[in-house]
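> Sequence below, structure please.
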Amino acid sequence: MTEKERVQKLLKDHVFTGVEYLEIVVLLHAFFNDFEKMHLWLTTENLNFGGSTPAQLIIRGRGHKVLSFINNALREGGKL
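Purely as a prediction, here's the structure:
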């Protein structure tokens, strides 16, 4: 992989992660309708994520796992 291709991939991954993050924020706001509750959920360790916080997963580039979890919970009418 050339340097240019590597940079393009990093930028593409970064943009995708940004889109995931925005989706997560929109869904959480729709669910909680309260920024403090959203922040608390994002920064609380969660056994569904192996004890990591949702924010930690997002930072590690695993936002798709958080997004999938939120979508499944909302679809099933469950709790986050």
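> At the geometric centre of the protein, which residue do we find?
In the chain, the C-alpha nearest the mean C-alpha coordinate belongs to Gly63, at 3.5 Å (C-alpha atoms, centre = their mean).
> what sits against that residue?
Thr17, Glu20, Tyr21, Ile24, Leu57 (C-beta atoms under 8 Å, 6 or more residues apart in numbering). Every C-beta, even on glycine, is put in place using the N, C-alpha and C of the backbone.
> same thing but 6 Å
Thr17, Glu20 (C-beta atoms under 6 Å, 6 or more residues apart in numbering).
> cool, Leu28 as well?
Leu28 neighbours (C-beta under 6 Å, 6+ apart): Met38.
> next one: Leu22
Applying C-beta under 6 Å, 6+ apart to Leu22 gives no contacts.
> Can you give me the buried ones in the helix or strand containing it?
Counting by DSSP states H and E, the element that carries Leu22 is helix 3-32. If you call a residue buried by 16 or more other C-beta atoms under 10 Å, then helix 3-32 has these buried ones: Thr17, Glu20, Glu23, Ile24, Leu27, Leu28, Phe31.
> ok, now stretch 32-52?
Applying 16+ other C-beta under 10 Å to stretch 32-52 flags Met38, Trp41, Leu42, Asn46, Ser52 as buried.
> Checking the last one next. Helix, strand or coil?
When you say that, I think you mean Ser52. State at Ser52, reduced to three classes by DSSP: H, G, I helix; E, B strand; the rest coil: coil.
> how distant is the lowest-mean-pLDDT helix or strand in the chain from the center of its chain?
In the chain, no helix or strand scores lower on mean pLDDT, DSSP states H and E than helix 3-32, which sits at a mean of 79. Chain-centre distance of helix 3-32: 9 Å, with C-alpha atoms, centre = their mean, to the nearest Å.
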